[in-house]
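Novice: Output the structure for:
(one chain, ligands or ions: 2)
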Amino acid sequence: MSSTTTTTTATATTRDAIQTSPFPTIDISPFLRYDASKADLNRTAQSLSTACTSPGFFYLTNHNLSAALSNRVLSLARDFFLHTPVTEKEKLKRRDVGIGNGDGARGYQVIGDNVTQGKRDWHEALDYYRPVRDAEPTEDEVGKQPPYDLLQGINQWPSTPSGFREVYEEFISKMLELGTAVMRAMGMALGEGMEDVFVSNTRKSWWVMRAIGYPPLPDDAPEGGVSCGVHSDYGCVTLLLADETKGALQAWVEEEGGGRWVDVNPAEGALVVNIGDMMARWSEGKWKATKHRVVHRGSGYRVSVPFFFEPDWDARVPGREGEGEVVYGEYLSDKVRGNF
Ligand SMILES: O=C(O)CCC(=O)C(=O)O
Ligand SMILES: [Fe+2]
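Specialist: Numbering: from 1, shown residues only. Ligands and ions are numbered 1, 2, ... in the order given. As a prediction, this is how the structure comes out:
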């Protein structure tokens, strides 16, 4: 197939998927260029403002993340989950604080390890957080040896499949650039006086990235069976890269007299984005941290890589009505301690 044909087919697929979806599409490119006109920036900010108000989920296009890198990221995750030996996975296992180099957060989780609202999720995952140190401390760094405090350990990188860390680090740097562009756009979208609020509170974004593997739910899955239980994300924005599996991720869309679960199907070339609890706070409830879940009953093995672009550890985020402000790092620690 010639490259021209491929491009045409991909564009048509993207358009079809997006046109049949209730979720809007945001072209972020003006915020990734240096020569964008004020009118272009305004147009993106305006559509973002509408999308964040409702439904709080949207497709992001022209985001500068190449198809080659996206495919590499997804296929390395798939390869890891399906082919890396259990003994290697075991070495990367997330450990509790006080056990070896565990920090209660970073590492590999077997199926059922992750719990949302008291229910075991039917997925396995590799969890990464903003590095606080590059490697295990040397022996002369007295007092800095493990045990690590909650969230303060080191990321656990698999040695197979090869190239995993390099590719994911490239992906992380792209997502940080993109996240910052989205923060600029969202500041403009929130309106006068708020233009800098997100950029200035995310300069050292305490990002989280999960590579997630979802086997299909077995018919006799325990406890009602969810691949990932109902939740809202807790930070700023989630930039979701997912494979082509349909009918797995669902968002709760409010409607008069109630609401309903709507599939958020992947669209080629687009990232799925939703906003988290901190954005709802900063916007004084104008924007929604929409509830979502994953129910994967299909036949194939689904892979997704959400990148959570979050506030700085010490960012102070306003409270909801009647509540005080929160320091983001403390909020995150409470979430991790309570298993989300
Ligand atoms: O896998 C997905 O599509 C989304 C997962 C998710 O909602 C999360 O990890 O917060
Ligand atoms: Fe989520």
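Novice: Does M175 belong to a helix, a strand or coil?
Specialist: helix (DSSP: H, G, I helix; E, B strand; the rest coil).
Novice: Tell me how far the closest residue to it other than its chain neighbours lies from S37.
Specialist: Excluding its sequence neighbours, the residue lying closest to M175 (C-beta to C-beta, 6 or more residues apart in numbering) is F307, at 4.3 Å. Glycine gets a C-beta too; all of them are placed from N, C-alpha and C. Look at F307 and S37: by C-beta to C-beta, to the nearest Å, they are 29 Å apart.
Novice: What count of nearby residues applies to the residue nearest to M175?
Specialist: When neighbours are defined as other C-beta atoms under 10 Å, F307 has 25 of them.
Novice: Doesn't it belong to a helix?
Specialist: No: read with three-state DSSP, F307 is strand and lies in no helix.
Novice: Hmm, it is touching W207, no?
Specialist: Yes: using C-beta atoms under 8 Å, F307 makes contact with W207 at a distance of 6.7 Å.
Novice: Check the contact lists of these two and give me the overlap.
Specialist: I172, M175, G179 (C-beta atoms under 8 Å, 6 or more residues apart in numbering).
Novice: Now for the second one, how many residues are close by?
Specialist: Counted by other C-beta under 10 Å, the residues lying close to M175 total 24.
Novice: could you measure it against ligand 1, distance?
Specialist: 14 Å (C-beta to the nearest ligand atom, to the nearest Å).
Novice: quick one, what contacts that residue?
Specialist: Counted by C-beta under 8 Å, 6+ apart, M175 has contacts L65, W207, M209, L239, F307, F309.
Novice: show me what contacts the spatially closest residue to Q117 that is not a sequence neighbour?
Specialist: Closest residue to Q117 apart from its sequence neighbours, by C-beta to C-beta, 6+ apart: G229 at 5.2 Å. Residues in contact with G229 (C-beta under 8 Å, 6+ apart) are V115, T116, Q117, K119, D121, R293.
Novice: quick one: which of these is nearest to ligand 1?
Specialist: R293 (7.4 Å; C-beta to the nearest ligand atom).
Novice: Stretch 70-89 close to ligand 1?
Specialist: No: Stretch 70-89 lies out of reach of ligand 1 by C-beta under 6 Å from any ligand atom, never closer than 11.1 Å.
Novice: Flag every buried residue along that stretch.
Specialist: S70, R72, V73, L74, L76, A77, R78, D79, F80, F81, T84, K89 (16 or more other C-beta atoms under 10 Å).
Novice: Now do that stretch: everything it contacts.
Specialist: In contact with stretch 70-89 (C-beta under 8 Å, 6+ apart) are residues 108, 110, 124, 126, 158-161, 163-164, 167-168, 171, 211-213, 241-243, 301, 303, 305.
Novice: So which of the residues you listed reach ligand 1?
Specialist: I212, A242.
Novice: Which ones among the contacts of stretch 70-89 map onto strands?
Specialist: Y108, E124, L126, A211, I212, G213, L241, A242, V303, V305 (DSSP state E).
Novice: Who are the contact partners of the second one?
Specialist: Contact partners of E124, counting by C-beta under 8 Å, 6+ apart, are F81, Y108, Q109, V110, I111, D113, I212, G213.
Novice: and if you look at the fifth one?
Specialist: Applying C-beta under 8 Å, 6+ apart, we find I212 in contact with A77, H123, E124, A125, C228, V303, S304, V305, P306.
Novice: what are the bridge partners for it, then?
Specialist: Judged by DSSP bridges, the bridge partners of I212 are A125, S304.
Novice: Need the pLDDT of it.
Specialist: Model confidence at I212, given as pLDDT, is 98.
Novice: Also the third one?
Specialist: What the model reports for L126 is a pLDDT of 98.
Novice: what do you get for the first one?
Specialist: Model confidence at Y108, expressed as pLDDT, equals 97.
Novice: Who are the contact partners of the residue lying closest to it once chain neighbours are set aside?
Specialist: Spatial nearest neighbour of Y108, chain neighbours left out: L92 (4.1 Å); criterion: C-beta to C-beta, 6+ apart. With contact taken as C-beta under 8 Å, 6+ apart, L92 is in contact with G107, Y108, L126, Q156, W157, P158.
Novice: Roughly how far does the fifth one sit from E169?
Specialist: This means W157. 9 Å.
Novice: so T50 is in which element?
Specialist: helix 38-53 (DSSP states H and E).
Novice: Name the residues that touch that helix?
Specialist: Residues contacting helix 38-53 (C-beta under 8 Å, 6+ apart): 23-24, 26-31, 57-58, 185-186, 188-191, 275, 279, 283, 286-288.
Novice: Let me see the mean pLDDT of the helix or strand following it.
Specialist: Helices and strands here follow DSSP H and E; after helix 38-53, the next one along the chain is strand 57-61. Throughout strand 57-61, pLDDT has a mean value of 98.
Novice: what are the ranges of the strands in the stretch 151-300 of the chain?
Specialist: Applying DSSP state E, counting those that start in this stretch to the stretch 151-300 of the chain gives strands spanning 208-214, 228-231, 237-242, 249-255, 258-263, 271-275, 292-294.
Novice: Is it possible to get a markdown table of those strands that adds distance to P137?
Specialist: Shown next, in a markdown table, are those (distance: least, C-beta to C-beta, whole Å):
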| stretch | distance to P137 |
| --- | --- |
| strand 208-214 | 23 |
| strand 228-231 | 34 |
| strand 237-242 | 32 |
| strand 249-255 | 39 |
| strand 258-263 | 46 |
| strand 271-275 | 36 |
| strand 292-294 | 37 |
